[in-house]
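> The following block contains a protein sequence and its predicted model.
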Amino acid sequence: MPTINDHDAYIEAAPAQFRTLLGELRDQLSHALPDAEEVIKYDMPGFQIESTIVAGYAAFSKQCGLYVDPDAIAAHAEEIASLNLKSTKTGVTFSVRNPITNKLVAKLAISSRDAKGL
């Protein structure tokens, strides 16, 4: 993968089946975190407030992921499970067939910001 300098380049370089999903996720995060700056950190697109990454996303070969504060994942664990999404300590993975909902993206982003005290 070439060096990625911004969200547009990341989405363009992602597997074709995920580009629309990633674009929608980016828009949802921008709406939920209007005061955040779009950045690329650790080769991943993220949303930063002050010097703190509040949320990030990524595409892999078979799925996408949304990465937030562990407290945000814990606070919404039941909803994540009810949507048949997989979660880790800091992320939720989803596919084109079973995408994450706009409502859950907003909840996770806002919870992550709040957990970081921003």
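Received, thanks.
> What strands flank whichever strand or helix holds Val54, and is each parallel or antiparallel?
If you go by DSSP states H and E, Val54 is part of strand 52-59. Next to strand 52-59 in the sheet, as set by DSSP bridges, lie strand 44-49 (antiparallel), strand 64-67 (antiparallel).
> will you turn these into TSV that also has mean neighbour count?
Heads up, the C-betas are built off the backbone N, CA and C, glycines and all. Shown next, in TSV, are the strands paired with strand 52-59 (neighbours: other C-beta atoms under 10 Å):
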stretch	mean neighbour count
strand 44-49	20
strand 64-67	23
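> show me the residues around the residue nearest to the spatial centre of the chain that make contact.
In the chain, the C-alpha nearest the mean C-alpha coordinate belongs to Leu66, at 3.0 Å (C-alpha atoms, centre = their mean). Taking C-beta atoms under 8 Å, 6 or more residues apart in numbering, we find Leu66 in contact with 25, 55-57, 91-92, 94, 100, 105, 108.
> And it, how close does it get to Thr3?
Separation of Leu66 from Thr3 (C-beta to C-beta, to the nearest Å): 23 Å.
> Just the residues contacting stretch 90-104, thanks.
By C-beta under 8 Å, 6+ apart, stretch 90-104 touches 17-18, 21, 24-25, 28, 62-70, 73, 76, 79-80, 83-87, 108.
> that older thread, for the contacts of Leu66, which one is nearest Pro34?
Ala55 (12.7 Å; C-beta to C-beta).
> List the beta-bridge partners for the closest one.
Beta-bridge pairing of Ala55 under DSSP bridges involves Phe47.
> sorry, back to before: in a markdown table, list the strands paired with strand 52-59 along with mean pLDDT and distance to Tyr10.
Below are the strands paired with strand 52-59 laid out as a markdown table (pLDDT from 0 to 100; distance: least, C-beta to C-beta, whole Å):
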| stretch | mean pLDDT | distance to Tyr10 |
| --- | --- | --- |
| strand 44-49 | 98 | 5 |
| strand 64-67 | 98 | 12 |
